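Asks: Give me a 3D structure for the following:
(one chain, ligands or ions: 1)
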Amino acid sequence: MDNLVIRKYVNNDFNEVINLVKDNFNIGDNIKSLEDNLNSFGIVAIIDKKIVGYLRVDKLYNPFKKYYYYFLSYVCVDSNYQNMGIATKMLEFIFNYAKNDDVSYIELTSKSSREAANHLYLKNGFVVRDTNVFRKDI
Ligand SMILES: CC(C)(COP(=O)(O)OP(=O)(O)OC[C@H]1O[C@@H](n2cnc3c(N)ncnc32)[C@H](O)[C@@H]1OP(=O)(O)O)[C@@H](O)C(=O)NCCC(=O)NCCS
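Replies: Below you'll find the model as predicted:
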């Protein structure tokens with residue numbers, strides 16, 4: 001795909017990104033900006049000046065094992081552009097970026113019902129860990 005550009009998110013991308021994320025995930029309407037801290041950033045995929053893909057990266061530190069890792073979330077591609085390899089290209093961008101960012105591994109979670117996503121992650125070298133994800137709402 002010659003006209004595909006993958007780059008880091010900038011503030012001007014906000015409106016397009018928020019619409020894309022809303023289409024794919026259950027998020028509220030009252031988000032005005034993505035105020036990232038220094039260790040978080042987004043990646044966008046662009047075709048012909050249109051944002052067609054997004055993912056978020058949080059760089060986290062494990063002080064016991066003394067390493068950083070990435071946690072990915074909100075991985076999504078516009079439904080008109082799926083199955084063209086765009087998410088794969090975004091992941092490849094992150095894998096290359098991580099090599100120069102002192103990161104030991106990359107982690108994410110995905111519902112088992114998200115079949116395309118699970119296929120995507122396995123195809124790109126992620127393995128399923130034997131662990132449960134717990135959450136307590138506050
Ligand atoms: C998951 C998602 C980001 C993938 O984006 P994409 O650009 O279409 O991904 P790619 O084209 O790089 O790869 C998709 C792969 O899934 C496969 N696939 C598509 N639908 C599938 C299905 N129902 N079951 C299994 N595999 C499927 C494709 O064939 C392709 O694999 P291949 O390259 O071996 O043929 C996109 O489908 C999406 O935005 N889904 C809705 C949001 C979502 O579920 N996000 C993940 C949250 S964890």
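Asks: thinking Tyr9 is in contact with Ser40, fair?
Replies: No. Counting by CB atoms under 8 Å, Tyr9 stays clear of Ser40, with 9.9 Å between them. (Glycine included, C-beta is placed from N, CA and C.)
Asks: the more surrounded of these two?
Replies: Set Tyr9 next to Ser40 and count neighbours by other CB atoms under 10 Å: Tyr9 wins out with 20 against 17.
Asks: so what's that one up against?
Replies: Contact partners of Tyr9, counting by CB atoms under 8 Å, 6 or more residues apart in numbering, are Val17, Leu34, Phe41, Gly42, Ile43, Val44, Tyr54.
Asks: do Asp102 as well
Replies: Applying CB under 8 Å, 6+ apart to Asp102 gives the contacts Tyr68.
Asks: related to what we said a few turns ago, among the contacts of Tyr9, name the ones in helices.
Replies: Residues of these located in helices (DSSP state H): Val17.
Asks: quick one: least confident of the contacts of Tyr9?
Replies: Across these, the bottom pLDDT score, 86, is held by Leu34.
Asks: tell me the contacts of that one?
Replies: Leu34 makes contacts with Tyr9, Asn11, Phe14, Val17, Ile18, Gly42, as judged by CB under 8 Å, 6+ apart.
Asks: partners of the residue nearest to the spatial centre of the chain in the sheet?
Replies: In the chain, the C-alpha nearest the mean C-alpha coordinate belongs to Leu55, at 2.5 Å (CA atoms, centre = their mean). On the basis of DSSP bridges, Leu55 takes part in beta bridges with Ile43.
Asks: Write out the residues of the protein neighbouring the ligand.
Replies: Contacts of the chain with the ligand, taken as CB under 6 Å from any ligand atom, map to 24, 75-77, 82-88, 110, 114-117, 119-120, 123.
Asks: Perfect, that will be all.
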